[in-house]
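S.K.: Fold the following, please.
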Amino acid sequence: MSLRYPPVPVSPLLFLDYDGTLAPIVDDPMQAFPHPEVPDLLRELDKKYPLWIVTGRNLNDLSVLLGVPLQGIGLHGAQEGRIGGPTEYLVNEDAIRGLNEMKATVPLQPGVWVEDKGITFAVHYRTAADPDAVRNALETWASGIPDELEAIRGKMVIELKPGGIDKGKAVRRIVDRYPGRTPVYIGDDATDEDAFRALDGDAVTIKVGKTLGAARYLLSGVDEVVEYLKRFV
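M.R.: Residues are numbered from 1 along each chain as shown. Alright, predicted model coming up:
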């Protein structure tokens, strides 16, 4: 059953997605600035609890948009470190080679563009004149990915990433570092479903949107996420 407002654990470990959770979805990812209250709110939360941003973005991009030096998981689990600070990539050379080869063969056309994330990359088609036709062309292209890679289907975007890496595995790795704390994970996209499924027991998993998916609780949008997070401070 979905609850309008999820519970607030006494000793939380916070995992927060960025796009669609702390910032609205926009056509240009580099214009996806956070909700006005989010930066100060995250600073307060980071003083009280362990907090991780878990995103498909490169953490370096968030240093421009968010401007708060938080711990983070980037590129759906292929990057770990600190926003605006040092990071490390958890990717083998075969996957990097495959990503470079696929990037060179993207079927580009008007309204289709590639977001280069440093290692992974995403092909956006939100502004294409015929999104359905573009989606079909991209699906044909993505069907030829090498075994080392996986394709992620998001909101008007297809992204390629190294295989065997996802937000669920990354979150489990972080949870093991904080015994005794209750994970709270908030996210809005298909990639967050891996994290919802990876967290069990007393974890508070929250989907942002209209349907629960694998999460236990539901919030309608960024404004409600902000109001919920305020309860922790």
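S.K.: can we go C-alpha only for contacts and neighbour counts from here?
M.R.: Will do.
S.K.: Kindly provide the distance from residue 153 to residue 125.
M.R.: 12 Å (CA to CA, to the nearest Å).
S.K.: what about these two, which has more around it?
M.R.: residue 125 (25 against 16; other CA atoms under 10 Å).
S.K.: give the contact list for the more buried one.
M.R.: By CA atoms under 8 Å, 6 or more residues apart in numbering, the contact list for residue 125 reads 111-113, 131, 134-135, 156-157.
S.K.: Most neighbours among the residues you listed, which one?
M.R.: When neighbours are counted by other CA under 10 Å, residue 134 leads the contacts of residue 125 with 22 neighbours.
S.K.: wait, that residue sits on residue 128?
M.R.: Yes. Counting by CA atoms under 8 Å, residue 134 does reach residue 128; the two are 7.4 Å apart.
S.K.: Quick check: end-to-end length of stretch 26-37?
M.R.: 18 Å.
S.K.: Can you give me the buried ones in it?
M.R.: Using 16 or more other CA atoms under 10 Å as the test for burial, stretch 26-37 gives 32-35.
S.K.: who touches that stretch?
M.R.: 19, 22-25, 61, 65-66, 126-127, 222-223, 226.
S.K.: now stretch 41-57
M.R.: So stretch 41-57 is contacted by 11-19, 68, 70-77, 117, 167, 229-230, 232-233 (CA under 8 Å, 6+ apart).
S.K.: Could I get the pLDDT score of the most centrally placed residue in the chain?
M.R.: Centroid check for the chain by CA atoms, centre = their mean gives residue 55 as the closest residue, at 2.8 Å. On pLDDT, residue 55 comes in at 96.
S.K.: sorry, back to before: buried subset of the contacts of stretch 41-57?
M.R.: Among the contacts of stretch 41-57, the ones that count as buried by 16+ other CA under 10 Å are 12-19, 68, 70-77, 117, 167, 232.
S.K.: Endpoints of stretch 176-195, how far apart?
M.R.: Per CA to CA, stretch 176-195 runs 14 Å from first to last residue.
S.K.: Next, the buried residues of that stretch.
M.R.: Residues of stretch 176-195 classed as buried: 181-189, 191-195 (neighbour count, 16+ other CA under 10 Å).
S.K.: Spatially, what comes nearest to residue 220 if we skip its sequence neighbours?
M.R.: The shortest distance from residue 220 to any non-neighbouring residue, by CA to CA, 6 or more residues apart in numbering, is to residue 209 (4.9 Å).
S.K.: Tell me how many other residues crowd the one you found.
M.R.: Neighbour tally, residue 209, other CA under 10 Å: 17.
S.K.: related to what we said a few turns ago, between the buried residues of stretch 176-195, which sits nearest residue 171?
M.R.: Residue 171 lies nearest to residue 195 out of those, by CA to CA, at 6.5 Å.
S.K.: before we move on, back to that, what would the buried residues of stretch 176-195 look like in a markdown table with distance to residue 46?
M.R.: Compiled in a markdown table, these are given as follows (distance: CA to CA, whole Å):
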| residue | distance to residue 46 |
| --- | --- |
| 181 | 15 |
| 182 | 15 |
| 183 | 14 |
| 184 | 14 |
| 185 | 15 |
| 186 | 16 |
| 187 | 18 |
| 188 | 21 |
| 189 | 24 |
| 191 | 24 |
| 192 | 21 |
| 193 | 24 |
| 194 | 24 |
| 195 | 21 |
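S.K.: from these, which ones fall inside helices?
M.R.: 192-195 (DSSP state H).
S.K.: where along the protein do the helices fall?
M.R.: Counting by DSSP H, the helices of the chain are 38-48, 59-65, 93-103, 131-142, 167-175, 192-198, 222-230.
S.K.: just checking, residue 91 touches residue 77?
M.R.: No. Using CA under 8 Å, residue 91 is not in contact with residue 77; the gap is 9.7 Å.
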